[in-house]
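Asker: turn this into a structure:
(2 chains, ligands or ions: 4)
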Amino acid sequence: RLPSKFGGKYTVTLVPGDGIGKEVADSVKEIFESLKVPVQWEQYDVSGETTGGDELFQQAMESLKRNKVGLKGILYTPIDQTGHNSWNVAMRQTLDIYASVVVCKSLPGFPTRHKDVDFAIIRENTEGEYSGLEHQSFPGVVESLKVSTRAKAERIARFAFDFAIKNDRKKVTCVHKANIMKLGDGLFLNTCKRVAEEEYGHTGIKFDSMIVDNTAMQLVSRPQQFDVMVMPNLYGNIVSNIGAALVGGPGVVPGCNFGREYALFEPGCRHVGKDIMGANKANPSAMILSSTMMLRHLGLESQANVIAAAVYDVIQEGKVRTADMRGSSSTSDFTKAVLDKVM
Amino acid sequence: STVTSTFNGKKGADGNYLVTLIPGDGIGPEIAESVKKIFAAAKRAQPYLGGVEGIESVERESGKEGVAAHSRDEKAPISWEEVDVTPILKDGKTVIPDRAIESVKKNTVALKGPLATPIGKGHVSLNLTLRRTFSLFANVRPCVSIQGFKTPYDNVNTVLIRENTEGEYSGIEHEIVDGVVQSIKLITYEASERVARYAFHYASENGRNKVTAVHKANIMKMSDGMFLTACRAVAKDYPNIAYDEDLLDRVCLRIAQDPSPYADRVMVMPNLYGDILSDLSAGLIGGLGLTPSGNIGKDASIFEAVHGSAPDIEGKGLANPTALLLSSLMMLRHMGLNEFADKIEKAALTTIAEGKAITRDLGGKAGTKEYTDAILAKLAKL
Ligand SMILES: Nc1ncnc2c1ncn2[C@@H]1O[C@H](COP(=O)(O)OP(=O)(O)OP(=O)(O)O)[C@@H](O)[C@H]1O
Ligand SMILES: Nc1ncnc2c1ncn2[C@@H]1O[C@H](COP(=O)(O)OP(=O)(O)OP(=O)(O)O)[C@@H](O)[C@H]1O
Ligand SMILES: [Mg+2]
Ligand SMILES: [Mg+2]
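Answerer: Ligands and ions are numbered 1, 2, ... in the order given. From the prediction side, this is the model:
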């Protein structure tokens, strides 16, 4: 369902997030402003670092529910047990944005160890190991529940095939560990298989499957074999990070999360980037490219294309590159280079 | 010591340690044969009597083994006890033959080739059975770039230790209602503690001065949180080894970008993460054909090649024995026989680096025998 325009503008919720979030969100804001993109931001500077962020987080959620579309950076999650649960996960679960899409594609002009990488990761975003259901059944014994449901496997499988059709891709690979988790991952794998055969058999899109440990090995040795990959939550976390590493890192890979009602765009491999926070060093590409996916979602196709093309051009020319891409330019230099292209 | 896994076997009347050898299926017997030949030829380094260095090393060795090393002909002090682990039916259940179990129990060390797991006959995986029988709680996987075998990554030198008994592999699953399954990841303090302790032990024995626990405790706060609690507690007992923690996703990202910073440490982690990351690391150095592993247990330790039985090349004399050989070197080091391990390793790695007699999976033309002979020739000169 598409969000509506008011006064000629779309209202979009913006949660820059922790770490480098502000810097890269500023970069997007600047570009949108210069290009007069008809988007009005409702910005919430939520932080997972400080206590008492809950209220602002709730306000951001209300805003997202109103606007149906958001752009976000990554919120920090404490790892100690007394800290709050991941708000990133809470957002995805509350809004039921069940499908995460991350595309890992080699960037022209930026050679890495592997050539011609081009695959899409479709990740179930709302259940699995991220259920948050854990208990200590006896001192020193903890059980953590991984929940797998047929309904959610079905819809993510359909999403993957629809994505493949829409993007003219030829093969869907289900990544799993059904040899060990026979029931849980078995349900996921069998559901994908059934959807592939019964609902998409006529489309000519191939279906196969691969065990997750082998997938990790194949990704770093022959990543060209992958096209569309569909998988449960945790494996998606792993595969998207390996995938990002293959093409240039967390600074360049965009991503988004879709549900029936809402769409939330965020960098594809979800890192806070605390170590370079505030240093004007972050690569804003992943965030800018995520925002162009958002523009396409809003139907602002031409502006999306102009901005995305500018980002890829700047990268290809190689004169202005941030430290993560072996360059020495700052976040603002990069933003300026993109602006110079689009203006 | 609480490290139950520390080797404390005794030499037999012939002055050798008895080690169980499970050649396994498929190419197993061929690669096991190659390892046996190489062991038989590996001699202790000649004592260099003219210098302090040589004498010191002789003393260190003799201190460790209680045998003076005078003879320049002393062979690797290993005798093999070969056993067959083809499963048999006992009271309607498939089990490993008693003789094999007894042998491993008695010797506490075994070298094992690949086992084909029969599919669809109701067999439990043999590997799993072995793991359960001997409480093999830690799986150790070092991955080192092999010079002469080019991959996109050339500075790999990682060591990964995986908890091997619980976690996502608990096998506890149920369908609550139609279409809704719960799989339980079970983490106990006890199992976490013992694998953490082995990781620190391994680090201190192998010249690595850092242990990194890999986890996802931002999401699985209690289960992975307990794993971390155990690691932190053990870290206190090893003040000379640095300890830190890193998220699974970040490690995947960084290792696949550039593995070289991981060369200084040992990584330890719960079962599933270890499964995935160890295969990832194997991928960095060119796949399973070159990666050794050790299964460290309370009652015994079993060293094995990670690859399968490769039935397609069985009996053709084409198999590459390197992974099993490297596993046997891990075994020697586990037994404190580092000098022999270093020597064989040098012979094998220079043979591969020269590239004149390497097997087809590495891009060469040699068969198992030519490759083995080349290593033997190198050994004779060392
Ligand atoms: N947009 C970006 N541009 C450049 N580097 C990035 C970007 N995003 C993340 N990184 C880098 O990726 C790595 C992983 O990020 P991550 O956020 O996990 O690490 P961190 O900041 O050290 O820790 P934490 O997640 O606890 O904040 C870091 O080295 C970070 O600098
Ligand atoms: N040691 C080796 N030397 C040469 N080639 C190997 C070796 N190990 C594996 N291969 C090759 O890699 C392929 C996959 O190997 P793998 O050992 O996994 O076989 P497999 O058919 O899966 O056996 P299993 O079912 O017992 O695991 C084989 O077809 C084989 O040609
Ligand atoms: Mg595995
Ligand atoms: Mg196999």
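Asker: now the helices: where do they sit in the stretch 1-150 of chain B?
Answerer: With DSSP state H, counting those that start in this stretch as the definition, the stretch 1-150 of chain B shows helices at residue ranges B:28-41, B:52-65, B:98-107, B:126-133.
Asker: mean pLDDT for those: which is lowest?
Answerer: Lowest mean pLDDT within the helices of the stretch 1-150 of chain B: helix B:52-65, at a mean of 43.
Asker: pretty sure B:Glu82 contacts B:Pro23?
Answerer: Yes - applying CB atoms under 8 Å as the test, B:Glu82 and B:Pro23 come out as touching, 6.7 Å apart. The way it works is simple: take the backbone N, C-alpha and C, and place the C-beta from them, glycine included.
Asker: settle it for me: which of the two has more neighbours?
Answerer: Set B:Glu82 next to B:Pro23 and count neighbours by other CB atoms under 10 Å in any protein chain shown: B:Pro23 wins out with 25 against 14.
Asker: residues contacting the residue in the stretch 51-200 of chain B positioned nearest to ligand 2?
Answerer: Closest contact between the stretch 51-200 of chain B and ligand 2, by CB to the nearest ligand atom, is at B:Ala116 (4.0 Å). Shown in contact with B:Ala116 (CB atoms under 8 Å, 6 or more residues apart in numbering or on different chains): B:Asp25, B:Gly26, B:Gly308, B:Ser309, B:Pro311.
Asker: one more pass at 6 Å, please.
Answerer: B:Asp25, B:Ser309 (CB atoms under 6 Å, 6 or more residues apart in numbering or on different chains).
Asker: distance of it from chain A?
Answerer: According to CB to the nearest CB, to the nearest Å, B:Ala116 and chain A sit 15 Å apart.
Asker: please report how far that residue lies from B:His307.
Answerer: Using CB to CB, to the nearest Å, B:Ala116 is found at 12 Å from B:His307.
Asker: repeat for B:Gly171
Answerer: The value you get for B:Gly171 to B:His307, if CB to CB is used, is 25 Å.
Asker: between these two, which has more neighbouring residues?
Answerer: Neighbour tally, B:Gly171 and B:His307, criterion other CB under 10 Å: the higher count belongs to B:His307, 23 against 14.
Asker: look up how far B:Asp25 lies from that one.
Answerer: Distance, B:His307 to B:Asp25, using CB to CB: 12 Å.
Asker: cool, A:Asp162 as well?
Answerer: Distance from A:Asp162 to B:Asp25, by CB to CB: 44 Å.
Asker: which one of the two has more residues nearby?
Answerer: B:Asp25 (21 against 14).
Asker: wait, doesn't A:Tyr130 sit right on A:Asn88?
Answerer: No - in this structure, A:Tyr130 is not within contact of A:Asn88 by CB atoms under 6 Å, at 9.8 Å.
Asker: which residues do these two both contact?
Answerer: With CB under 6 Å, 6+ apart, A:Tyr130 and A:Asn88 have no common neighbours.
Asker: give me the secondary structure label for the closest residue in space to B:Arg360 that isn't next to it in sequence.
Answerer: Spatial nearest neighbour of B:Arg360, chain neighbours left out: B:Leu318 (6.0 Å); criterion: CB to CB, 6 or more residues apart in numbering or on different chains. Following DSSP: H, G, I helix; E, B strand; the rest coil, B:Leu318 is assigned to coil.
Asker: what's the local residue count around B:Leu318?
Answerer: 19.
Asker: mind checking the end-to-end distance for stretch B:206-224?
Answerer: 26 Å (CA to CA, to the nearest Å).
Asker: what average pLDDT does it get?
Answerer: Here stretch B:206-224 scores 96 as its mean pLDDT.
Asker: stretch A:287-303 now?
Answerer: 97.
Asker: before we move on, what about stretch B:273-284?
Answerer: The pLDDT scores in stretch B:273-284 average 96.
Asker: now do it: everything it contacts.
Answerer: Applying CB under 6 Å, 6+ apart, the external contacts of stretch B:273-284 come out as A:212-213, A:216-217, A:220-221, A:238, B:141, B:143, B:153, B:156, B:158, B:160, B:162, B:214, B:248, B:259, B:288, B:291.
Asker: take these and keep only those in strands.
Answerer: Among the contacts of stretch B:273-284, the members found in strands (DSSP state E) are B:Arg141, B:Cys143, B:Thr158, B:Leu160, B:Arg162, B:Val214.
Asker: what about the closest residue to A:Trp87 other than its chain neighbours, how many residues nearby?
Answerer: Nearest residue to A:Trp87 in three dimensions, chain neighbours excluded: A:Leu75, at 4.6 Å (CB to CB, 6+ apart). Using other CB under 10 Å, A:Leu75 has 28 other residues around it.
Asker: do you know the pLDDT at A:Leu75?
Answerer: pLDDT, A:Leu75: 95.
Asker: and what of B:His123?
Answerer: 54.
Asker: related to what we said a few turns ago, from B:Leu326, how far off is the residue nearest to B:Arg360?
Answerer: 19 Å.
Asker: and for B:His307?
Answerer: Distance, B:His307 to B:Leu326, using CB to CB: 11 Å.
Asker: skip the chain neighbours and tell me the closest residue to residue 307.
Answerer: Picking chain A for this. A:Thr292 (5.0 Å).
Asker: I was thinking of chain B, sorry if that wasn't clear
Answerer: Computed as CB to CB, 6+ apart, the closest residue to B:His307 that is not its neighbour in sequence is B:Leu288, at 4.1 Å.
Asker: burial measure for that neighbour, as a count.
Answerer: Applying other CB under 10 Å, we find 18 other residues in the vicinity of B:Leu288.
Asker: distance of it relative to ligand 3?
Answerer: Computed as CB to the ion, to the nearest Å, the B:Leu288 to ligand 3 distance reads 9 Å.
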